[in-house]
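Colleague: What follows is a predicted structure for the sequence shown.
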Amino acid sequence: MRSLRPALLLLLPALAGSAAVPTARVDTPILEFVRDNAAATGDAAAMTAAAKALDAAIARCDGHGATWRAAAIDGDGITLRATQWNSIEAAEAAALQLDGDATAKAFAATTTAEQQLRAHFRQLRTQTYQDAPCGHLEVVVFRTRPGVTREANLQKFDAAEADFAQGKGLLGHSLWLAPDGSWVHLLNWASADDYAQTGKALFSKPGVGGWIRSLDFQRFVVHRGDVVR
């Protein structure tokens with residue numbers, strides 16, 4: 001992992017000062033989403049061990065809410081990490097604390113910056129249906145169609161909640177927004193089988209179908225993987 005500080009510290013002033021994120025709401029949860037790629041000469045076992053050590057260090061940071069790490073389905077040596085922080089301040093303090101940390105350096109040695117993705121979003125909606133371990137992580141990064149406002153997207157998303165609540169194996173989900181207008185829909189599934197049986201079926205539901213028609217599928221990427229324990 002290259003230094004956590006530059007990307008996060010450049011973004012946090014925008015999060016704190018933009019019109020979309022009022023400064024008074026500094027306690028709003030923040031989602032950090034990272035897609036890491038193994039170095040070409042990397043050792044898979046070493047990367048796994050380094051990732052576990054890093055995740056443990058992240059969990060020890062004040063203001064840490066939860067972390068899910070998954071092995072991406074679209075390539076060997078690609079891991080997804082979604083970390084929820086309790087506030088902007090917690091995310092900033094963690095970035096400073098982990099900058100130069102030995103565990104962060106050890107993990108960085110197993111990865112490459114090529115095609116790495118790192119982004120931060122603030123929470124707008126969240127629902128939990130079952131308090132159970134997440135077995136399969138789905139992170140949908142998207143933008144809305146031109147002309148669809150933030151409020152209109154939220155209204156359509158809220159109208160789809162009854163459909164999501166009936167999704168078998170869906171433990172919970174949340175909606176997040178970044179200052180640049182990109183969104184994340186984070187879904188926690190009990191297993192990959194539950195995703196396969198329920199995920200696509202949700203698209204045929206009237207509420208979910210109405211919501212997804214607001215999304216721009218030219219700027220729509222799905223990241224998925226089984227959670228690593």
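Modeller: On my side now, so go ahead. Residues are numbered from 1 along each chain as shown.
Colleague: show me where pLDDT drops low in this protein?
Modeller: 1-26, 42, 115 (pLDDT under 70).
Colleague: after the biggest helix by length in the chain comes which helix or strand?
Modeller: Longest helix of the chain, by residue count under DSSP state H: helix 44-59. Going down the chain from helix 44-59, the next helix or strand is strand 64-72, by DSSP states H and E.
Colleague: which residues touch that next one?
Modeller: Contact with strand 64-72 is made by 29, 35, 51, 55, 58-59, 78-86, 90, 94, 134, 136-137, 188, 223-228, as judged by C-beta atoms under 8 Å, 6 or more residues apart in numbering. Every C-beta, even on glycine, is put in place using the N, C-alpha and C of the backbone.
Colleague: Show only the entries of the residues you listed found in helices.
Modeller: Secondary structure assignment (DSSP H) places Ala51, Asp55, Ile58, Ala59, Ala90, Ala94 from the contacts of strand 64-72 within helices.
Colleague: thought Arg143 was touching Ser182?
Modeller: Yes. With contacts defined as C-beta atoms under 8 Å, Arg143 counts as touching Ser182 at a distance of 5.7 Å.
Colleague: CA-only coordinates of the longest helix of the chain in CSV, if you can.
Modeller: This file holds the C-alpha atoms of helix 44-59, laid out as CSV (Å, rounded to 0.1, in the frame of the first residue of the first chain):
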residue,chain,number,x,y,z
ALA,A,44,0.0,-15.0,-2.7
ALA,A,45,0.5,-16.4,0.7
ALA,A,46,2.7,-13.4,1.7
MET,A,47,0.1,-11.0,0.4
THR,A,48,-2.7,-12.7,2.4
ALA,A,49,-0.7,-12.7,5.6
ALA,A,50,0.3,-9.0,5.1
ALA,A,51,-3.4,-8.1,4.3
LYS,A,52,-4.5,-9.7,7.6
ALA,A,53,-1.9,-7.8,9.6
LEU,A,54,-2.8,-4.5,7.9
ASP,A,55,-6.6,-5.1,8.5
ALA,A,56,-5.8,-5.8,12.2
ALA,A,57,-3.9,-2.5,12.4
ILE,A,58,-6.8,-0.7,10.7
ALA,A,59,-9.2,-2.2,13.2
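Colleague: Pull the residues that contact it.
Modeller: With contacts defined as C-beta under 8 Å, 6+ apart, helix 44-59 is touched by 1, 36, 38, 64, 67, 69, 76-77, 79, 81, 83, 94, 98, 101, 103-104, 106-107, 109-111, 228.
Colleague: For stretch 184-194, buried residues please.
Modeller: When burial is assessed from 16 or more other C-beta atoms under 10 Å, stretch 184-194 yields the following buried residues: Val184, His185, Leu186, Leu187, Asn188, Trp189, Ala190, Ala192, Asp194.
Colleague: Please tabulate those residues in TSV and include distance to Gly169 as additional columns.
Modeller: As requested, the buried residues of stretch 184-194 are arranged in TSV below (distance: C-beta to C-beta, whole Å):
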residue	distance to Gly169
Val184	20
His185	16
Leu186	15
Leu187	10
Asn188	10
Trp189	6
Ala190	4
Ala192	10
Asp194	2
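Colleague: and which of those residues is nearest Lys156?
Modeller: When these are compared for distance to Lys156 (C-beta to C-beta), His185 wins out at 12.2 Å.
Colleague: Tell me the helices and strands packed up against the longest strand belonging to the chain.
Modeller: Among the elements of the chain assigned as strand by DSSP state E, the one spanning the most residues is strand 111-128. With contacts defined as 3 or more C-beta pairs under 8 Å, 6 or more residues apart in numbering; DSSP states H and E, strand 111-128 has these neighbours: helix 5-17, strand 30-38, helix 150-159, helix 161-165, strand 170-177, strand 183-189.
Colleague: Good, we can wrap up now.
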